[in-house]
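Undergrad: just need the structure, nothing else, for what follows:
(chains A and B)
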Amino acid sequence: MCGIVGIYLKNEKLNNSLGSLLAEMLINMGSRGPDSAGFAIYNEENGEKLKYSICINDTDYENFKKELSEHFDDADIKKNSDHIILKTKKRANDVLKILKDHFKNTSLVGYGKSIEIFKQVGSPHDVVKKFNLNNYSGTHAIGHTRMATESAITTDGSHPYSTGEDECLVHNGSLSNHNNLRRKLKKNGINFDSENDTEVAAGYISNHLANKKNLKETLNDGLRDLDGFYTFITGTRNGFAVLRDEIACKPAVIAETKDYVAIASEFQAMAHLPGVNDAKIFEPEPGVVYSWGS
Amino acid sequence: MELDLKKLKLRNVNEKLQNLDRKKNERDFTIINPEGNHAVCAGLNKEMNVTIKGHVGYYCAGMNQKANITIEGNVGTGVAENMMSGKVHVKGNASQSAGATAHGGLLVIDGDASSRCGISMKGVDIIVKGSVGHMSGFMSQSGNLIVCGNAGEALGDSLYETNIYIRGKVKSLGADCIEKKMDKKHLNKLKKFLKDAEIKNFKAESFKRYGSARKLYNFKIDNSY
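TA: Purely as a prediction, here's the structure:
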């Protein structure tokens, strides 16, 4: 099963309520995915620093902060439950290397100028509360509630998966050729942290984007290369894109008003959104890439 | 009588409608604030009129018998699935598998229906004023599927004895589904359906009829006892 949700704001006045709008969507989709939940919030910041979302698990925060500061001369660290947001000018490869060499119990869940990702095991209701999603503001956000099928209930197995700078992916469905694809992508230098099928799709997307394909081309190629059932939402710095496989077994419904575009696995996840009963409501057609803002 | 799903539990609302007190002369109900709930008005089995004001989730009006249910909004997967009799009228769009396995009654959808509309239908009549998605009428056995707009890929795949009438374009026909001659008897039947659904702007003559080539059957009618 699994539930996926996303909201892209067209009206800046709603930016401050982005977190609370998404929180309700995620909690409602707990019925489709009670095992873990996660979300990516986009809130662009000025300056040259990148934001790194890092899950520190049960590592002692004060020690971690102290040790981390030894490796960064410009580190700005903010804690949110068992995740931290590290702001630094250092590039992704350098940060990944530092984390790998010195902080084994942590994982980088995403990075970019705009994106912040939080994900953890537990019911969506608890995860939303734990990370205080209600207090977040931003321009757009996507989220996921997981009912684990092909791999274990772990933080690494939770969505969203980061696919590159300011890019992430959530997935409802299952891929059948992920083992083959993972082997191929590993040869191209893509790293994987889990046995999860969605992580492979995420790796596939970053590999394509790194080869200078745009998101639309990438997703269209995905129709050919990814075998299985899926509804994907791919978040980018400026918006998000939606793709359903050509059989369209996995649901998705979109509601668009002059103020926002929202997508969810089921309409009930959007029933609380302002003016949704007068929105243009439709299902994305199978095998067609839809995108907003990007 | 107005039933507010913001105040009442869905289970209580369904229970009330499923166990209608026949001695009371109450046959008209309005449900407000459905908020995408699943299985609204499932399993009704007496004559009554229910209007749902808003969008609903999955399996709305499932297993319906005798009741006349109108949805003033969109419906999720499997509206009127396994309906036996009565009428279900969707004023918005329907998601996939509308009217799945339904044995009887009438399902009218004013907007579009997505994939697998009328899958395995067993005698229901379905009228879609918009278009239907891929694999509509898949393995459908009996009844009529009437579409004023277009049909997606693999229309009527592996169908048995359902009559399919499409006014617009058919992207492709499924296995064993062929275009068939529109006889006078079909035309007259179709005219009646269009009249009942109050469709005045389309003439029955502008539709094409599709049905089974009867080559995929596991049995031959000649062999039956």
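
Undergrad: CA atoms for contacts and neighbours, from now on please.
TA: OK.

Undergrad: contacting residues for residue B:58?
TA: Listed by Cα atoms under 8 Å, 6 or more residues apart in numbering or on different chains, the contact set of residue B:58 reads B:37, B:38, B:39, B:75, B:76, B:77, B:78, B:79.

Undergrad: so the fifth one touches residue B:99, yeah?
TA: I take that to be residue B:76. No: using Cα atoms under 8 Å as the test, residue B:76 is too far from residue B:99 to be in contact (11.5 Å).

Undergrad: out of the contacts of residue B:58, who's nearest chain A?
TA: residue B:37 (6.2 Å; Cα to the nearest Cα).

Undergrad: phi, psi of the nearest residue to the closest one once chain neighbours are set aside?
TA: Using Cα to Cα, 6 or more residues apart in numbering or on different chains and skipping residues adjacent in sequence, the residue nearest residue B:37 is residue B:57, 4.9 Å away. Note on residue B:57: backbone dihedrals following degrees, to the nearest 10 are phi -90, psi -140.

Undergrad: returning to what we had before: which one's more surrounded, residue B:76 and residue B:99?
TA: Shown here are residue B:76 and residue B:99; by other Cα atoms under 10 Å in any protein chain shown, residue B:99 has more neighbours (37 against 29).

Undergrad: what's near enough to touch the more buried one?
TA: Listed by Cα under 8 Å, 6+ apart, the contact set of residue B:99 reads B:78-83, B:107, B:117-119, B:121, B:124, B:126.

Undergrad: which SS state does it fall under?
TA: Here residue B:99 is recorded as coil under DSSP: H, G, I helix; E, B strand; the rest coil.

Undergrad: ok, now how distant is it from residue B:110?
TA: Residue B:99 sits 14 Å away from residue B:110, going by Cα to Cα, to the nearest Å.

Undergrad: residue B:150 now?
TA: Distance from residue B:150 to residue B:110, counting by Cα to Cα: 14 Å.

Undergrad: over to residue B:176?
TA: Distance of residue B:176 to residue B:110, computed by Cα to Cα: 29 Å.

Undergrad: per-residue pLDDT of the residue of chain B at minimum distance from chain A, please?
TA: Across chain B, the shortest distance to chain A (Cα to the nearest Cα) belongs to residue B:36, at 4.1 Å. With respect to pLDDT, residue B:36 has a value of 95.

Undergrad: over to residue A:93?
TA: Reported pLDDT for residue A:93: 89.

Undergrad: in what helix or strand does it lie?
TA: Here residue A:93 sits within helix A:92-102, counting by DSSP states H and E.

Undergrad: same deal with residue B:123?
TA: Assigned by DSSP H and E, residue B:123 belongs to strand B:122-128.

Undergrad: partners of that strand, with directions?
TA: Each strand that pairs with strand B:122-128, with its direction, by DSSP bridges: strand B:106-109 (parallel), strand B:142-147 (parallel).

Undergrad: excluding residues flanking it in the chain, which one is nearest the residue in the stretch 1-150 of chain A that chain B sits nearest to?
TA: With Cα to the nearest Cα as the measure, residue A:28 is the residue of the stretch 1-150 of chain A nearest to chain B, at 10.8 Å. Among residues not flanking residue A:28 along the chain, residue A:269 sits closest, at 5.3 Å (Cα to Cα, 6+ apart).

Undergrad: and residue 68, how many neighbours does it have?
TA: You didn't say which chain, so I picked chain A. 18.

Undergrad: let's do chain B instead
TA: Residue B:68, neighbours per other Cα under 10 Å, totals 22.

Undergrad: with residue B:12 instead?
TA: Residue B:12 sits with 11 neighbouring residues when counted by other Cα under 10 Å.

Undergrad: show me what counts as buried in the longest helix seen in chain B.
TA: The longest helix of chain B (DSSP state H) is helix B:184-196. Within helix B:184-196, the residues scored as buried using 16 or more other Cα atoms under 10 Å in any protein chain shown are B:187, B:190, B:191, B:193, B:194.

Undergrad: what does stretch B:23-30 give?
TA: For stretch B:23-30, the neighbour count (16+ other Cα under 10 Å) marks B:27, B:29, B:30 as buried.
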